[in-house]
Structure formats: structure tokens, C-alpha cells
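Enquirer: Output the structure for:
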Amino acid sequence: MAVLAELAFSTSDLAQVRFAVSPMWEVAPSFRLLRSGTAHPVHRPWADQVRPRMVAAGLDRGWLCELIPPTGGYVPDFLNPAPSGPAPTLAAERDAIRASPTDRVRQDLDHLARHQGDLGPRLRALRSDPQTLLAKVAEELEAYWELALAPYWARIRAVLDADIVHRARLAAEHGTGHLLNDLHTSLSWDGNALRMAGRKQPLTRPTAGAGLLLIPSAFTGPGLRTRTTLPDPPQLAYPARGTGTLWEPRSVTRADALRAVLGRSRTLLLTELEIPDSTTQLAHRTGLSPAAVSQCLTALRDAGLVSAHRVGRSVLYARTAAAEVLLQAPSA
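Expert: Residues are numbered from 1 along each chain as shown. Next up, the predicted model:
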């Protein structure tokens, strides 16, 4: 049964409203999307590239498969530690997960069991020995990140950062109340409390920490996701603006100018990396020899224009944010 939750705000709570970009808040919804097998209207290009790699790596039958229910519902709170700053790294969040208190892990797993009826052997073992087995969970999280999200993170991060800039401007021009009213159709601000329609569980200030942590997400949507774990501030993940155009092909405006600086082969590889790919596939697509591709990618990586991400026995190369700026800079 849906309820109308009201999260009250004191002056101190309003002063502690902040934004954060969190890698882990993208993990659960993106993993769920891949497991669903559906042709998502926005994320289909990404899913078509990533899903075969996920299956080949066996990540569709590991820890995440049991921790993240495929059709929605509760995800253990210890998988989403409260970001300590505006943009924690995956490594920082992974370490926070590994350091989760034993009682917290067991409580979350008991909650998961109530939602889905039971725990499988793997999660029962995790409940019995969190200190040892959280390391295995963290290893799989990192493997999934490198395979599914890290090669695309520069593009995703640009959308999340743009959302925060837009909403910070709203708050600066119209106040925090206007910001909260504008986040999602299920949210409304009445001057003293944030109302959330359609929740399955109530949300009150005594059950949450101080302030509010707002987390734009590319894969959360169309609804909201929340985490309330004392003493952390309540976390609210909402769909980021601009996600609908996330995977649309981007025009390259400065290729000719870049060729004069980087050379034809390196510029060609940068433009081809609209889709992250391996050395072998890039050689096939460009007609360059694998040795030439490898040499060029090394130079581009040393220059900070390409990043490398190990996926099983192969390595995926992706453009960095710096490369995106160079390729899409307006002509003088």
C-alpha cells in the first residue's frame, strides 16, 4: 500500500542539504537493467554492448545476482554507503562497503530475506561471516564496475555534473524549496517538510539522519530510490536531467585540427572510441595493424586522452573527459 511520507526539515537540516555523485548508486539499477534483458528505450545501446560481456564474465550468476533483485525492490543498504564528499571514487565506496559493520550487514540481509522470502546459500554464508565474505562482494563489485560502467563513466559523469550545476543554479536563484519541488513529480515541498508520494514505507526525521543527500543518477528512474540508515543523512537518488540523450552519437567538430596535432591514426582512434573497445576490434574497424593501434593507444593514454579498463582477458579503451572536450570544442 502506498503512503505519503513527510520528511521534516529544521533550519539545521536545510543547511545540510548537499549533492553528491556516487558510482555505487549507478551499480544496482544498471545491473538490474542488464539482467532484465529488456530493450530499454534510453539505455539499449549501452546494454547491447555490455550485456554479452557481463554474461561471459559470469557476473549474471554471482554475488550481485543475489544481492540485487531482478524485478525491483529492496537493495541492501550497505551497498550504498553515504558519500563522504561530493564525488567519491569507486575505490573509496568499495572500501566503505568492506568496512560495513557486521550488525549492519546482517540487518540488511534479514530485511532482504523478508522482501524475497529467503536467502540463498551464498547470502546465508555472507550473513554468517560478513567480515570475510564482504571482500568477495567488493571484488565482484569492482569487476562489474570495470566491465559495465568505468569505460562509460566520463560520459555518464558529464550528465550528472550538468544536472548538479542546473539544480544548484535553481537553489541560488529561487531557494532550496524550489529546488526540492523541481526534483521529481512525486516530491513536493510545503515550507517545512518534503513530501514523497507513492512510497511503500514511511520516512520520518526520527528514522533518518540530519540534512539530505541528493544524488543524481543516470540509471535510476523513472522513480526515486532512498536510503535511510542512522546516523547517515537520508540519501535520495533521482533521475538526472539529460539522461535521455546520454547514448546519442556525438558530433566531432575538431577532427581536422586534431589531426595536425595528434596525427591521423591517433585522431582516427579517438573518434572511433565513441564506443569503448579493445585493441583487436579497433584494428578491425580502422584498418590499422594491432601493433599500430597499441602504440597509438599507449600514447593517447599517456596524454590523458584514453583510459584502459581490464575486462577478463581483454582491455577496453575509452575516451576520457579531456578527449571529449577536444573533439567537441566549438570552432574558432
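Enquirer: ok, Leu79 - how many residues close by?
Expert: Counted with other CB atoms under 10 Å, residues neighbouring Leu79 total 20. For every residue, glycine as well, the C-beta is placed using N, CA and C.
Enquirer: residues in contact with it?
Expert: 24, 27-28, 67-68, 97, 141 (CB atoms under 8 Å, 6 or more residues apart in numbering).
Enquirer: Among those, which pair sits farthest apart?
Expert: Ile68 and Ile97 (13.5 Å; CB to CB).
Enquirer: ok so, going back, buried subset of the contacts of Leu79, written for PyMOL?
Expert: The PyMOL selection below is limited to those of the contacts of Leu79 classed as buried (16 or more other CB atoms under 10 Å):
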select buried, resi 24+27+28+67+68+97+141
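Enquirer: Pipe the contacts of Leu79 into a markdown table and attach pLDDT, secondary structure and distance to Met54 per row.
Expert: As requested, the contacts of Leu79 are exported to a markdown table (pLDDT from 0 to 100; DSSP: H, G, I helix; E, B strand; the rest coil; distance: CB to CB, whole Å):
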| residue | pLDDT | secondary structure | distance to Met54 |
| --- | --- | --- | --- |
| Met24 | 95 | helix | 17 |
| Val27 | 96 | helix | 12 |
| Ala28 | 94 | helix | 14 |
| Leu67 | 95 | helix | 15 |
| Ile68 | 93 | coil | 13 |
| Ile97 | 96 | helix | 20 |
| Leu141 | 96 | helix | 13 |
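Enquirer: And the contacts of Leu79, which is closest to Leu213?
Expert: Nearest to Leu213 among the contacts of Leu79, counting by CB to CB, is Met24 at 12.8 Å.
Enquirer: so who does the closest one touch?
Expert: 79-81, 90, 93, 97, 141.
Enquirer: show me the contacts for the nearest residue in space to Gly242 that is not next to it in sequence.
Expert: Leaving aside its sequence neighbours, Gly242 sits nearest to Val159 (CB to CB, 6 or more residues apart in numbering; 4.7 Å). Val159 makes contact with 216, 218, 240-243, 246, according to CB under 8 Å, 6+ apart.
Enquirer: and the helix or strand encompassing Ala299, what does it pack onto?
Expert: In the assignment (DSSP states H and E), Ala299 maps to helix 290-302. Contacts defined by 3 or more CB pairs under 8 Å, 6 or more residues apart in numbering; DSSP states H and E place helix 290-302 against helix 264-272, helix 279-286, strand 306-311.
Enquirer: Let me know the angle separating it from helix 264-272.
Expert: 70 degrees (axes from the mean of the first three to the mean of the last three CA atoms, to 10 degrees).
Enquirer: Give me the contacts around helix 290-302.
Expert: Under CB under 8 Å, 6+ apart, the answer for helix 290-302 is 262, 265-266, 269-270, 279-280, 282-283, 286, 288, 306-308, 317, 323.
Enquirer: my guess is Pro83 meets Asp232, correct?
Expert: No. With contacts counted by CB atoms under 8 Å, Pro83 stays clear of Asp232, the gap being 9.6 Å.
Enquirer: Of the two, which one has the most company?
Expert: Pro83 (24 against 18).
Enquirer: dump the residue contacts of the more buried one.
Expert: Contacts were defined as CB under 8 Å, 6+ apart; by that measure Pro83 touches 20-22, 93, 213, 215.
Enquirer: Tell me the one of the residues you listed nearest Arg53?
Expert: Nearest to Arg53 among the contacts of Pro83, with distances taken as CB to CB, is Glu93, at 21.9 Å.
Enquirer: who touches the closest one in this structure?
Expert: 22-24, 81, 83.
Enquirer: residues in contact with the host helix or strand of Ala138?
Expert: Element membership for Ala138 (DSSP H and E) is helix 130-144. With CB under 8 Å, 6+ apart as the test, helix 130-144 has contacts from 24, 27, 31, 54, 57, 59, 62-64, 67, 79, 90, 94-95, 97-98, 100, 102, 105-106, 125-126.
Enquirer: ok, now stretch 186-197?
Expert: By CB under 8 Å, 6+ apart, stretch 186-197 touches 2, 4-9, 177-178, 180-181, 198, 203, 212, 223-224, 226.
Enquirer: Going by neighbour count, which residues of that stretch are buried?
Expert: Buried-residue list, stretch 186-197, by 16+ other CB under 10 Å: 186-189, 193-196.
Enquirer: Stretch 234-253: end-to-end distance?
Expert: Stretch 234-253 has its terminal residues 43 Å apart, counting by CA to CA, to the nearest Å.
Enquirer: which parts of that stretch are buried?
Expert: Going by neighbour count (16+ other CB under 10 Å), the buried part of stretch 234-253 is 234-241, 243, 246-247, 252.
Enquirer: Could you list which residues are in contact with the residue located most distally from the centre of the chain?
Expert: In the chain, Ala260 marks the outermost C-alpha relative to the chain mean, sitting 36.1 Å out by CA atoms, centre = their mean. Ala260 makes no contacts at all, as judged by CB under 8 Å, 6+ apart.
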